[in-house]
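Trainee: Any chance you can model this:
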Amino acid sequence: MRNKYRLGIDAGGTFTDFVLAENNGELRVFKSPSTPQDGTIAIKAGLAQMSEAVGRSIEEIVQDCDLCINGTTVALNALIEKKGVKVGLLCTAGHEDSLEIRLGHKEEGYRYEADFPPAHMIVPRHLRRPINERVIGTGEVDQPLVEQEVRDAVSYFKDQNVESVAISFVWAVRNSAHEKRAKEIVQEMMPGVFVCTGSEVYPQVREYTRTSTTVVNAYLSPVMRRYVQKIDDYFKSLGAKYPVRYFQSNGGLAIGEAMQGRAVNAINSGPASAPQAGLFVGQPFGINNVITVDMGGTSFDITLTKDGQTNLNKNIDFLRYRIGVPMIQVETLGAGGGSLCQVDQYGMLQVGPESAGATPGPVCYGKGGTIPAVTDANLVLGYLNPDAILGGTINLNRDAAIAAVKKHVADPLGISVEKAAYGISTIVNLNMVNGIRRVSIERGYDPRDFALLCAGGAAGMHITALAEEIGSTTVLVPKVSSVFCAFGQIISDVRYNYLASEPMRLDGDANLDALNAKFEDLEQQGREHLLSDGFNPDDISYTRSVEMRYVGQIHECNVEIYPGKICREKMSAILDDFHKRHEELYTYSEPHNPVELVNIESTMVGNVAKPNFKTLEFQGGKAEDALIGYRPALFDDDGHWIDTAVYSGPKLDVGIEITGPAVVEEPTTNIVVRPGWKLVLEPNQCYRLTRASLS
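Mentor: I've put the predicted structure just below:
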């Protein structure tokens, strides 16, 4: 590290998490309540905690940071809450309704539900203005751009107080001249208004996806711009020597200038850093297959990393909006510590997706909640100690939790409180397991081949139960699990995705020279971008992928390929990889059928030096040195309470083996070690849990 510190900030919906890495290997964790109205307020509060902890001023800490990294839910929240700006769309005449026609059907899972309502339109019909122009698939101009129509449309936008303009013309990915000229006219007539084009935001084929992605970007970018400018200005006022980096949905960092015009790249900014952190934690154990699960107060996020590569989503329906740009595949469920539990009108126990949130929170918090949450059930089951939550700053009311579970679950079902609490735990676990299966089994991966990595303050109480259900025999719980996304930020690299379309059949005389030239052009753009970001040529690397399909298919299959010039022999190997990947995803392949290439992608990476973290050494301690005492806990629904050992995590020495049933209490999380499991604190400050019978 060039300077003394590296700072990661993850601004969530309820809390903003901070990880401060020092160059002596120390890692400090802080939390402050999030302030959506002004993110700098929460950041100031967190920095004040750091100042007190390290005995230095806020200015000194920031000036001694070689990297300050911010992951934020600003774009996501604006999309969820419909709080973006007023957008106008310029589109090819006759294509004004592509946003509503979509792909000719509703999203997967709702295709045949007549009562499922149409998606909310970011751009109402009267703000979608048709422009006479036409480029055909070869890139030739069939009809010139009628500039007066652009000017008339912009005049209308001005009358309607439009704040942002999206431009998406048919086949602009093959010839972007019309989009560029239309953008110049908008900027001339509406100076200061944000404007973006489809060929810039998502330069790949598929008109609906490109238009939707561009519109979402126009809707969110002014919001993101205001946020970034405020954060950047604040850190500059503190004397920061380096620009703040922001976390992108693709799992990499970017400077604020890049994020201001590409807010669509920040939609999954928060959870996208978890896979990198999961891989980092697993590497000392030789583990490259990791499923990371992050359970907080409201949601449960799941990501999968196979052979060191994390699944990326493209062309997905996110909150009912089609997004084409690459995003770390994050499966999100309404399952957290605050998920509400009650019996529905049919006599069925429901857990989530509604949440008690931070206010009023679970009943046991004593802040006015009346309906039990998952946290209440965990308290009833003995997994939580009323005097050992968040470092002892919150005292939980177990009697109130018992009364709430009895009133809202046990009595309506005619069962005991213990069975009701265990039923709540079982249902939320099964909901989470179904999510894990969606990112693994449904994508051709066997979850038994993966370690399960625990993140989030609530996941430690469920993690061994989840592992048992999916068949995973190894669980990793880092000491920083409750701020895992912030931790992931400080070990991540700068990453930019460069996309293009290069349609061609790969049988016969495929134009490999054109394909190589297109890749080289993308990578040269990336190198120039990273060099301007301050990277040395030796710190720049890249990966490639292609989207291919059998001729006549509708959807493509993404295949990773090796860098370097593509020759006939190499293309043959790429085709073999395509057939294998197609079979993994769809259980069949057709090697005898012709294949066509559709899209290409180069991912350019600016490799950032990783902090050196302190390695723990055995101090000669014993398990009993960390033993706090015993309390009854329930691990099945037969009502058989087990007197369970409770250990203090900060006092537990490295290498000491703990056999379940047990509970390990860390300042910001609890780890439940179910019967049949054993736990060991490893030198890399990570708890490793394995099935005792399989070790």
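
Trainee: For L238, give its distance to A42.
Mentor: 15 Å (Cβ to Cβ, to the nearest Å). From N, CA and C alone the C-beta is placed, and that goes for glycine too.

Trainee: Tell me which of the two has more neighbours.
Mentor: The neighbour comparison of L238 against A42 (other Cβ atoms under 10 Å) goes to A42, with 22 against 17.

Trainee: check which helix or strand covers the more buried one.
Mentor: helix 39-54 (DSSP states H and E).

Trainee: In terms of secondary structure, what does that helix contact?
Mentor: Where contact means 3 or more Cβ pairs under 8 Å, 6 or more residues apart in numbering; DSSP states H and E, helix 39-54 is packed against strand 5-11, strand 15-22, strand 27-33, helix 58-63, helix 207-237.

Trainee: buried residues in the longest one?
Mentor: By neighbour count with 16 or more other Cβ atoms under 10 Å, helix 207-237 contains the buried residues 207-225, 227-228, 231-232, 234-235.

Trainee: Check the third one too.
Mentor: By neighbour count, and taking 16+ other Cβ under 10 Å as the criterion, the buried residues in strand 27-33 are L27, R28, V29, F30, K31, S32.

Trainee: And the residues you listed, which is closest to E617?
Mentor: Nearest to E617, judged by Cβ to Cβ, of these is L27 at 15.7 Å.

Trainee: check contacts around the closest one.
Mentor: Residues in contact with L27 (Cβ atoms under 8 Å, 6 or more residues apart in numbering) are V19, L20, A21, V480, F487, F613, K614, Q685.

Trainee: Export the residues you listed to CSV and append columns for neighbour count and distance to D344.
Mentor: CSV is the format used below for the contacts of L27 (neighbours: other Cβ atoms under 10 Å; distance: Cβ to Cβ, whole Å):
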residue, neighbour count, distance to D344
V19, 26, 40
L20, 25, 45
A21, 26, 47
V480, 25, 38
F487, 29, 38
F613, 18, 47
K614, 14, 50
Q685, 17, 43
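
Trainee: So which of those residues is the closest to V290?
Mentor: Nearest to V290 among the contacts of L27 is F487, at 14.2 Å by Cβ to Cβ.

Trainee: Can you tell me what sits against the helix or strand encompassing the closest one?
Mentor: For F487, the host element (DSSP H and E) is helix 484-490. Outside helix 484-490, the residues that touch it by Cβ under 8 Å, 6+ apart are 6-10, 12, 17-19, 21, 27, 67, 69-71, 247, 253, 270-271, 273-278, 280, 292, 294, 455-456, 478, 480, 611.

Trainee: Heading C-terminal from the helix or strand of the chain with the lowest mean pLDDT, find the next helix or strand.
Mentor: Of all the helices and strands that make up the chain, strand 312-313 has the lowest average by mean pLDDT, DSSP states H and E, namely a mean of 80. Remark: after strand 312-313, the chain's next helix or strand is strand 316-318, criterion DSSP H and E.

Trainee: contacting residues around that following strand?
Mentor: E107, E108, I267, R322, I323, M327.

Trainee: Now, those residues that are in strands?
Mentor: Secondary structure assignment by DSSP state E places R322, I323, M327 of the contacts of strand 316-318 in strands.

Trainee: OK, contacts around the last one?
Mentor: Contacts for M327 were tallied using Cβ under 8 Å, 6+ apart; they are S249, N250, I267, N268, A272, L312, N313, K314, I316, F318.

Trainee: how about 10 Å then?
Mentor: 248-251, 264-265, 267-269, 272, 311-314, 316, 318, 497 (Cβ atoms under 10 Å, 6 or more residues apart in numbering).

Trainee: ok, it to I101 distance?
Mentor: M327 is 24 Å from I101, by Cβ to Cβ.

Trainee: before we move on, what about the second one?
Mentor: Separation of I323 from I101 (Cβ to Cβ): 17 Å.

Trainee: Looking at those two, which is more packed in?
Mentor: Between I323 and I101, counted using other Cβ under 10 Å, I323 has the larger neighbour count: 25 against 12.
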